[in-house]
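Novice: Build the 3D model from these lines:
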Amino acid sequence: MRRESSNRDNQEISWINPIGGLGDQLMISGVLKQVVDNYPSKQYNLIRRTNYLSILKGHPAIAGVGFPPKDSKTIGTDYWSIEELGPGDKRPYQVLAREFGLKKPVEEKMYLPDGIDEDPLLNDFLPWKERNILIAPASDSPRKVAHPSIWHRLVDFLLADDFFVVQAGRTKDIHIRNAYSLLGLTTPRQLIGLLSKFDLIVTSDSFIMHAAHLTGTRAVVIWGPTNHEIYGYPEHIHIQMAKNCDLNPYEDCIGPTRNEGGKLYGTPCPLRERHCVDQIKPEVIYDAIKKALMNF
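Specialist: The predicted model follows:
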């Protein structure tokens, strides 16, 4: 069991200041695993932040969790402030890898300390069918989220074909009509343990997308302000919606060049009915699901 780090014991060790969402923490965890695999003696302390301990606590690269002493060396994980983002070696995972001393482009592997555990009670609780799909429409940023009516219609299509449709997310998320709700009922680790039970995940650019990459679960991902070539994974099917603003394909309205201090991330798109992800048709998502499943 890892102990809490003390100011006296760990002054010589750099501190990691975890910033971003849970998906970012999965990337950080993957990078740190590659660091410790390459440099076994390399250790860091983690600044205590409640939201991130479920992903990073117990990591082999983490010596302790606590609060740094004054003037200690701190490594930020805000990759969007470190380098200009883009495809290839400008992707966030690659930027983080360089920040932690991995010089060459690395394989983008996620890592969950202590492994992925299934929750037998949760697994037995769900009324599974022959074909099962998880939807995760929400995001921390409203600008990544398609209108609920699009998701309502998609669920209608899926139920008509006898899929079992489950919605995951937080308690405050809008419930999609007729989807089996797990909103607010799972921890991040419980949800990760459940993903492999589904034939497919349909999601926005979110933590669950990164978790699907971790578990090797097929996914259809809907994109608008962010770009799948920067944040997505090649094994998933991506639906990239064109922007209706003056931004180029690799620039997003919630990125560092337009979102100084994070002031726009939690705000809705000012284009209202012209919001990029609201232009997607549920039929397009449904066709992508059929393509992903192959044997539909």
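
Novice: show me where the stretch 151-296 of the chain has helices.
Specialist: Under the criterion DSSP state H, counting those that start in this stretch, helices of the stretch 151-296 of the chain are mapped to 188-195, 207-215, 228-231, 282-293.

Novice: distance of the closest residue to residue 177 other than its chain neighbours from residue 109?
Specialist: In this structure, residue 177 finds its nearest non-sequential neighbour in residue 152, 4.8 Å apart by C-beta to C-beta, 6 or more residues apart in numbering. The way it works is simple: take the backbone N, C-alpha and C, and place the C-beta from them, glycine included. Distance, residue 152 to residue 109, by C-beta to C-beta, to the nearest Å: 36 Å.

Novice: Likewise for residue 280?
Specialist: Residue 280 sits 30 Å away from residue 109, going by C-beta to C-beta.

Novice: cool, and residue 125?
Specialist: Distance of residue 125 to residue 109, given as C-beta to C-beta: 31 Å.

Novice: Same drill for these two, tell me which one is more crowded.
Specialist: Higher neighbour count among residue 125 and residue 109: residue 109, with 14 against 10, using other C-beta atoms under 10 Å.

Novice: contacting residues for that one?
Specialist: 30, 33, 34 (C-beta atoms under 8 Å, 6 or more residues apart in numbering).

Novice: What about it? Give its phi and psi, please.
Specialist: When read as degrees, to the nearest 10, the backbone of residue 109 gives phi -110, psi 130.

Novice: Please apply the same query to residue 64.
Specialist: Dihedral pair for residue 64: phi -170, psi 170, per degrees, to the nearest 10.

Novice: so what's residue 77 up against?
Specialist: Listed by C-beta under 8 Å, 6+ apart, the contact set of residue 77 reads 16, 17, 18, 19, 20, 24, 28, 96, 99.

Novice: tell me the pLDDT at it?
Specialist: You'll see residue 77 listed with a pLDDT of 92.

Novice: go on, residue 51?
Specialist: On pLDDT, residue 51 comes in at 78.
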